[in-house]
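Provided below for reference: sequence and predicted model.
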Amino acid sequence: MSDFPRILALESSCDDTGAAVLAGGRLLSNVVATQKVHEQYGGVVPELASRAHQQHLLPVVTAALRDAGLTKNDLDVVAVTQGPGLLGSLLVGGMFAKTLALALGKPIIMVNHMRAHILAHFLGRPVPTFPFLCLTVSGGHTQLVVVRSALDMEVIGQTIDDAAGEAFDKTAKLLGLPYPGGPHLDRLAQQGDPRRFAFPVGAMAGYDFSFSGLKTAVLYFLKKETAKNPDFVAENLADLCAGIQHTIITTLLRQLRRAVAATGLTQVALAGGVAANSGLRTAVHAEAAAQGWQVFIPALAFCTDNAAMVAQAAHFQFLAGDFATQLASPDPRLKLR
């Protein structure tokens, strides 16, 4: 094997099935199959997600190899997300990857999903230099991470309850928006007044986050107002979305400022699905201009779950000789370190 491996990477931590090929540090393909089945339930159903991964894995792998102009025999290594995520989804992807690696006689690399989100920054230009501070925000996680190197990361703050993405989706559901609600709420918020309706910002010491209080506050506020006017939500939807989004972003920025001040790291990165939120992007860029930070945000395609970021993380692990064995197993609560 060369120092510039040809990597096939798989992502199946939740409800998106991804396959990507990275060769010589260059991304050759990135294929994602989404699962529409969950929309009717207003959230991800783990058993249905596992079944859909079984259906999608072979087609996305075939497409990724075709787009890259390679065959499976050209590969040097197979990589897959180990966790965190849904156990059933991780098992499907993990078994597929280990079986393929074993059949080809190739090594396997197991990748931490949150590490992959952070290292998605190295799929484009410009890239941050180590060390830097990363705010990782997704449906399942909200973390502040000091990134000393590709393999040395320290979580200095995280949510103690709901993640930011979960707060977006749950409050959007209370407003009657389709699943996933975050993008719909973001779109409507751009048309509303963020200060018309005020919601509580979770007060946490240090660098941790809390969003469950926001969900409860919105629930009781809507109950009170719709009791007086059944059309309250419909008549005020844009302003409600703007107020909720403003509260979530205010919470994130407050802790981010604290972390920058404490660490002295002024290279600030955003990662995860919520990094695609237009309000958050705008707010972080505005803060950077005021504070003298450098901001790095991946392309939209690399913010949401995808296999390209898994391939990029695997590239760094390959260079470090960080391989797994066939005995390695998925870990739905895998920690970042």
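Sure thing, it's come through.

what residue of this protein is the furthest out?
Residue farthest from the centre of the chain, counting by Cα atoms, centre = their mean, is residue 228 at 38.7 Å.

Strands of this protein, residue ranges please.
Taking DSSP state E, the strands of the chain run over residues 6-11, 17-23, 26-33, 77-83, 108-112, 132-137, 142-149, 152-158, 267-271, 294-296.

Could you export these as JSON lines, including mean pLDDT, distance to residue 166 and mean neighbour count?
For every residue, glycine as well, the C-beta is placed using N, CA and C. Shown next, in JSON lines, are the strands of the chain (pLDDT from 0 to 100; distance: least, Cβ to Cβ, whole Å; neighbours: other Cβ atoms under 10 Å):
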{"stretch": "strand 6-11", "mean pLDDT": "98", "distance to residue 166": "20", "mean neighbour count": "28"}
{"stretch": "strand 17-23", "mean pLDDT": "97", "distance to residue 166": "21", "mean neighbour count": "29"}
{"stretch": "strand 26-33", "mean pLDDT": "96", "distance to residue 166": "21", "mean neighbour count": "20"}
{"stretch": "strand 77-83", "mean pLDDT": "98", "distance to residue 166": "18", "mean neighbour count": "27"}
{"stretch": "strand 108-112", "mean pLDDT": "98", "distance to residue 166": "20", "mean neighbour count": "25"}
{"stretch": "strand 132-137", "mean pLDDT": "97", "distance to residue 166": "10", "mean neighbour count": "26"}
{"stretch": "strand 142-149", "mean pLDDT": "98", "distance to residue 166": "9", "mean neighbour count": "21"}
{"stretch": "strand 152-158", "mean pLDDT": "97", "distance to residue 166": "13", "mean neighbour count": "17"}
{"stretch": "strand 267-271", "mean pLDDT": "98", "distance to residue 166": "16", "mean neighbour count": "24"}
{"stretch": "strand 294-296", "mean pLDDT": "97", "distance to residue 166": "24", "mean neighbour count": "17"}
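
Reformat those strands into a markdown table and put distance to residue 216 next to each item.
Listed next are the strands of the chain as a markdown table, based on distance: least, Cβ to Cβ, whole Å:
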| stretch | distance to residue 216 |
| --- | --- |
| strand 6-11 | 33 |
| strand 17-23 | 34 |
| strand 26-33 | 34 |
| strand 77-83 | 29 |
| strand 108-112 | 31 |
| strand 132-137 | 20 |
| strand 142-149 | 17 |
| strand 152-158 | 20 |
| strand 267-271 | 27 |
| strand 294-296 | 32 |
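
In the chain, which residue is most central in space?
Central residue of the chain (Cα atoms, centre = their mean): residue 272, 2.8 Å from the mean position.

was I right about it contacting residue 137?
Yes. Residue 272 lies in contact with residue 137 (Cβ atoms under 8 Å); the separation is 4.6 Å.

Overlap in contacts, the two.
With contacts taken as Cβ atoms under 8 Å, 6 or more residues apart in numbering, residue 272 and residue 137 have residue 165 as neighbours in common.

Look up phi and psi at the residue nearest to the centre of the chain.
As for residue 272, its main-chain torsions (degrees, to the nearest 10) stand at phi 100, psi 170.

Of all the residues in stretch 112-128, which ones are buried?
Neighbour-count burial for stretch 112-128, counted by 16 or more other Cβ atoms under 10 Å, picks out 112-123, 128.

All the helices of the stretch 51-200 of the chain, in order from the start?
Secondary structure of the stretch 51-200 of the chain (DSSP state H, counting those that start in this stretch): helices at 87-104, 113-119, 164-174, 181-189.

still on that earlier bit, quick one: the residue farthest from the centre of the chain from residue 218, how far?
Distance of residue 228 to residue 218, given as Cβ to Cβ, to the nearest Å: 16 Å.

same check, this time on residue 284
23 Å.

quick check: domain ranges of the chain?
Here the domain parsing of the chain from automatic domain parsing is 6-119+303-319, 128-297.

For those domains, give me TSV that also has distance to residue 335.
Listed next are these as TSV, based on distance: least, Cβ to Cβ, whole Å:
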stretch	distance to residue 335
domain 6-119+303-319	8
domain 128-297	8
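
Just name the most buried of the ones you listed.
Stretch with highest mean neighbour count among the domains of the chain: domain 6-119+303-319 (a mean of 21; mean count of other Cβ atoms under 10 Å).

all helices for the stretch 201-337 of the chain, in order.
Under DSSP H, counting those that start in this stretch, the stretch 201-337 of the chain gives helices at 212-228, 232-235, 237-263, 278-291, 307-319.

which non-adjacent residue is nearest residue 166?
Once flanking residues are discounted, residue 166 sits nearest to residue 139: 5.7 Å by Cβ to Cβ, 6 or more residues apart in numbering.

if we can go back for a sec, return the closest of the buried residues of stretch 112-128 with respect to residue 246.
Proximity of the buried residues of stretch 112-128 to residue 246 (Cβ to Cβ) peaks at residue 117, which lies at 24.3 Å.

Was I right to think that closest one contacts residue 135?
No. Contact criterion Cβ under 8 Å: residue 117 and residue 135 do not qualify, at 10.7 Å.

Pull up the overlap in contacts between the two.
What both residue 117 and residue 135 touch, as defined by Cβ under 8 Å, 6+ apart, is the set residue 271.

For residue 121, see how far away residue 281 is.
In terms of Cβ to Cβ, residue 281 sits 14 Å off from residue 121.
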